Every structure is written in structure tokens, then in C-alpha cells.
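Novice: no FASTA, just this:
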């Protein structure tokens, strides 16, 4: 893996989560019922990725303001406690590890300010670079003093510095996808095709870009092979121009020289969602971390094995997080308890926990797989004790001096 892997995320009062910790395996399947908080967890990744490229105010505004993002379950006061997120990183390409964290306080009239922000990079050669921004800027990097607004994050401003760039690049390259087949069915405005949009609405441009230049033949063959494994008889897809718009054309072959060609608006939701997932994995440059929301939707259970193969392929070059409530998706024998996290809704809040001891025992002894446990309503999370979430989460910040 080229980029530094994320090893842990600490969540404090973000959306429906009062507090939680997400530790990583790759790929990671986050299992939970509808309304449990899976999409809110996925938004942690979207929120931070967007904040690396857009002003933080704009990131809040796209979600209805800070009042819609911060968790209120801890009390009924007008301004609940501060929200915060922390990301920890592991070993990769000369980076021994690192950390990025920030805390935001809500103000009257939908305002806010950054209470604290911290970034730490540890190199394998012993070098250590950090900044810790509270009321004032503090860093061991001499000459690096960005002009900060109280409502602006510092990392997007200093992320071009080679010392902090490894963390900035990972956070900015996280991608979250909830593919909407209707968006792939429409005529699309062409763009650079450099990054697939979260709903897949520029899939034709991404496909067109992938089929250009060196290695395009091999890429085309691989995309077509995977598409056919998910959607039998649909063995080719290509971009198609309609004036100043783009769409996609699908080919089906059977028997001797029998072939039909269909435009995207004739294709099923399952076919279009499958293509969107393929584009998410194949897009260049690759995401550092790929979140796929409920890939099983509108895809026949018999095709989910091929979807799982696609997920395993993606996990070789990036981190993958999949939200799901599908037993069929979890039927793969290679999925262990280490690949599972469970989101549940209890006492007016979302909680993110590892599988229970009974679940881990059943899986490790090969008594039941994850899919079988989910079908039988026996895929349980660890017990939620009083203050247990706080103990698991730990602190957003650490001493850097």
C-alpha cells in the first residue's frame, strides 16, 4: 500500500455517535440495521476528505450547518459539547506513523471556531514533525506559520509542506460511494474523469479516461471481465458521445455471433450499480480509502460473490470499508471477526463495537460464518457498559512536547 494506512479513528459527538472508536482491518465490513448509523459513520470520511479541499464552513453548510453535524444526545442544552475527530496512521513508505485531530466548538447563530487542531508525523529515520494549534500556533517546523482564521483548519494550508503532505494526501484522497443507478442512466456532462463522484454521476467520463493511453487495452479487458462476472452475458461497456454529452453503451453476446448493444438508459439498476462499483475501484488516481455503502442493493444475491472479489481486489491497493446488512454479502468464508464491526442504535444514539465474544468464538471455530450469524440474528456486538465507549475512544489529542 503506497499511502499510510489509517489504523484508528476516534469519534467524539459526530452526528448520531456520542463517542466511538473504529479500528481497522482491510477490508472492513460495518454491519447494522437500517437507521443504526452506518451512513453517519461513512460521513466521517466524507466530512474530513471534503475539509481538505473546501473551507470548513462550506463542508458544514452542505450538511445543514454545524447544528446538523454535532451530536445532541448528551443533553438538551442549546450548544452541546464540542465535536471532534482523530485519525491515527500506520507504517508506509518511510512513515512510521502519525496522527491528525481537531475539535470544534459551536457558537450562536450557527457559528463555530476551532478549539484545537493537531498533526504529528513520525518518520522511520527518527524525524518527528508536528503542529499543535490552540489559541496560538505551536510547531517544531521553523518558519511555518500559516495565517489562520478561527473557523479554518490548518492542515489544508500546510499540507503542501513535504513534512505534513503524507497525512494531508491520505485524508484528501478518501472517497465514499453510494452509487445511484439513475445518475448513470442519464446523459452526463463530460469532465476530466479523474475522480468518480459519490453517486457515480460522471461514470462515463471516468470510463473514458481509463480507456485512454498506455495500458488501456488491459484495463478494458479487466473491466469487461469483472462486469460479466457480476452481470452474465454483459461482456463489454464503452463510453458513447451524444453531442456535448456522454453516456455508456453495453454489449451482450451469446451463441454464435449473436450480439446486442444497449444504451445505459436500457440497463437494469443492478448492472449500472455494478459498473459504478467497478469505476470506484479502477479510477485513477486510486483513493487512499474507499467506502462503499450497501453494495448489495439491487444486485442479485448470486452475483455478490463477484462483488466480494472486486472488494478483495481493491483492498490490495487501498483501504476498503463496506457498510451492509446483507447476509449474502457476508457469506464469504474468508471474512473473519477481525473484518467485522457492528453499528447499533441504543438509548437514542449510535454505537460502534467489535463482535461479541460468542460471535468471535463461533467464527474462529468455524461453527457459523458471518452471513449465517446475521441470518439467525446471532451476530452480536460486544456488551455496551456504562462509559465503555469513552474508555474505548481515548483522547483526541496527545502530548507533543
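Specialist: Great, that's in hand. These numbers come from a predicted model, not from an experiment.
Novice: Could you list the low-pLDDT ranges of the chain?
Specialist: 1-2, 73-80, 255, 385-393, 401 (pLDDT under 70).
Novice: hey, where'd the helices end up in it?
Specialist: Ranges of helices in the chain, per DSSP state H, are 38-51, 56-61, 66-69, 155-158, 165-172, 181-185, 203-210, 216-230, 269-282, 304-315, 357-364, 370-375, 388-393.
Novice: Residue 146 is nearest to which of those helices?
Specialist: helix 155-158 (4.3 Å; CB to CB). C-beta: built from backbone N, CA, C; applies to glycine.
Novice: which strands and helices sit next to that closest one?
Specialist: Judged by 3 or more CB pairs under 8 Å, 6 or more residues apart in numbering; DSSP states H and E, the packing partners of helix 155-158 are helix 165-172.
Novice: how about the helix it packs on: buried residues?
Specialist: Neighbour counts over helix 165-172 (16 or more other CB atoms under 10 Å) mark 166, 167, 168, 169, 170, 171, 172 as buried.
Novice: need those residues in CSV with distance to residue 23, can you?
Specialist: Output for the buried residues of helix 165-172, formatted as CSV (distance: CB to CB, whole Å):
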residue, distance to residue 23
166, 21
167, 18
168, 22
169, 22
170, 17
171, 18
172, 22
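Novice: ok, so of those residues, who is nearest residue 26?
Specialist: Nearest member of the buried residues of helix 165-172 to residue 26, counting by CB to CB, is residue 170, at 13.8 Å.
Novice: Quick check: that closest one vs residue 49, distance?
Specialist: Going from residue 170 to residue 49 by CB to CB, to the nearest Å gives 10 Å.
Novice: Just grab the bridge partners of the residue nearest in space to the middle of the chain for me.
Specialist: Against the mean C-alpha coordinate of the chain, by CA atoms, centre = their mean, the closest residue is residue 291 at 2.9 Å. Counting by DSSP bridges, residue 291 forms beta bridges with residue 176, residue 321.
Novice: circling back: from the buried residues of helix 165-172, which is closest to residue 216?
Specialist: For the buried residues of helix 165-172, the nearest to residue 216 is residue 169 (26.0 Å; CB to CB).
Novice: hmm, back to that, including distance to residue 335, could the helices of the chain go into JSON lines?
Specialist: As requested, the helices of the chain are exported to JSON lines (distance: least, CB to CB, whole Å):
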{"stretch": "helix 38-51", "distance to residue 335": "17"}
{"stretch": "helix 56-61", "distance to residue 335": "33"}
{"stretch": "helix 66-69", "distance to residue 335": "32"}
{"stretch": "helix 155-158", "distance to residue 335": "34"}
{"stretch": "helix 165-172", "distance to residue 335": "25"}
{"stretch": "helix 181-185", "distance to residue 335": "26"}
{"stretch": "helix 203-210", "distance to residue 335": "28"}
{"stretch": "helix 216-230", "distance to residue 335": "19"}
{"stretch": "helix 269-282", "distance to residue 335": "18"}
{"stretch": "helix 304-315", "distance to residue 335": "8"}
{"stretch": "helix 357-364", "distance to residue 335": "8"}
{"stretch": "helix 370-375", "distance to residue 335": "5"}
{"stretch": "helix 388-393", "distance to residue 335": "23"}
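Novice: between the ones you listed, which one is nearest to residue 247?
Specialist: Residue 247 sits nearest to helix 203-210 of all these, at 5.9 Å, using CB to CB.
Novice: Mind giving me the packing neighbours of that closest one?
Specialist: Counting by 3+ CB pairs under 8 Å, 6+ apart, helix 203-210 packs on helix 181-185, helix 216-230, strand 234-242, strand 245-254, helix 269-282.
Novice: Run through the residues that contact the residue nearest to the centre of the chain.
Specialist: If you count contacts by CB atoms under 8 Å, 6 or more residues apart in numbering, residue 291 has them with 42, 45, 46, 174, 175, 176, 177, 320, 321, 322, 323.
Novice: who touches the residue located most distally from the centre of the chain in this structure?
Specialist: Most distant from the centre of the chain: residue 256, at 43.1 Å, with distances by CA atoms, centre = their mean. Contact analysis of residue 256 by CB under 8 Å, 6+ apart lists nothing.
Novice: Could you do the one 5 residues further on as well?
Specialist: Going by CB under 8 Å, 6+ apart, residue 261 touches 249, 250, 251, 252.
Novice: repeat for residue 224
Specialist: Contacts of residue 224 by CB under 8 Å, 6+ apart are 235, 236, 237.
Novice: so which of these is the most crowded?
Specialist: Across those, neighbour numbers were computed from other CB atoms under 10 Å; residue 237 holds the maximum, 27 neighbours.
Novice: do you know how far it is from residue 184?
Specialist: In terms of CB to CB, residue 237 sits 11 Å off from residue 184.
Novice: Residue 48 against residue 84, yeah?
Specialist: No: counting by CB atoms under 8 Å, residue 48 stays clear of residue 84, with 11.5 Å between them.
Novice: Which one's more surrounded, those two?
Specialist: Ranked by neighbour count (other CB under 10 Å), residue 48 and residue 84 place residue 84 first, with 24 against 20.
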